[in-house]
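A.B. asks: Structure, please.
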Amino acid sequence: MKPAVIIPALLATLTLACAGTASAEPQRLAYGDLDLSSAAGARTLDVRIARIARTLCNHHIGLDQAHCERGIRQEALATLPAPARTEYVATRQYRASARVQASTS
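C.D. replies: The predicted structure is shown next:
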């Protein structure tokens, strides 16, 4: 079985922001099939997290929805095992620094 992270529909730190979400069921975030040290793998994880966040925050509008989705994203990344999170963060930092270098060239 591939590793997956279970993301509760209502996170303790997001109770106010996400109260009344459409789904009371936990969401599974599969990542075992991804190479998080690659840009493509990190992007795919971002898409999966965004899809879950939209599902969990779909009854919110405007800034409330954006706040809820940011919180879900933070929680999802925090629940990744340390090695997977380290690979993901390193990939994201590399891409960010490459963008900065490209814009200053």
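
A.B. asks: mind checking which helix or strand of this protein has the lowest mean pLDDT?
C.D. replies: Every helix and strand of the chain was ranked by mean pLDDT, DSSP states H and E. The lowest is helix 15-18, at a mean of 37.

A.B. asks: Which is the succeeding secondary structure element to that one?
C.D. replies: Using DSSP states H and E, the next helix or strand after helix 15-18 towards the C-terminus is strand 27-30.

A.B. asks: Can you give me the buried ones in that following strand?
C.D. replies: Of the residues in strand 27-30, 27, 29 count as buried by neighbour count, 16 or more other Cβ atoms under 10 Å. No exception for glycine: its C-beta is placed from N, CA and C like everyone else's.

A.B. asks: Also stretch 31-38?
C.D. replies: For stretch 31-38, the neighbour count (16+ other Cβ under 10 Å) marks 31, 34, 36 as buried.

A.B. asks: ok, and the closest non-adjacent residue to the second one?
C.D. replies: I take that to be residue 34. Closest residue to residue 34 in three dimensions, ignoring its sequence neighbours and counting by Cβ to Cβ, 6 or more residues apart in numbering: residue 41, at 4.0 Å.
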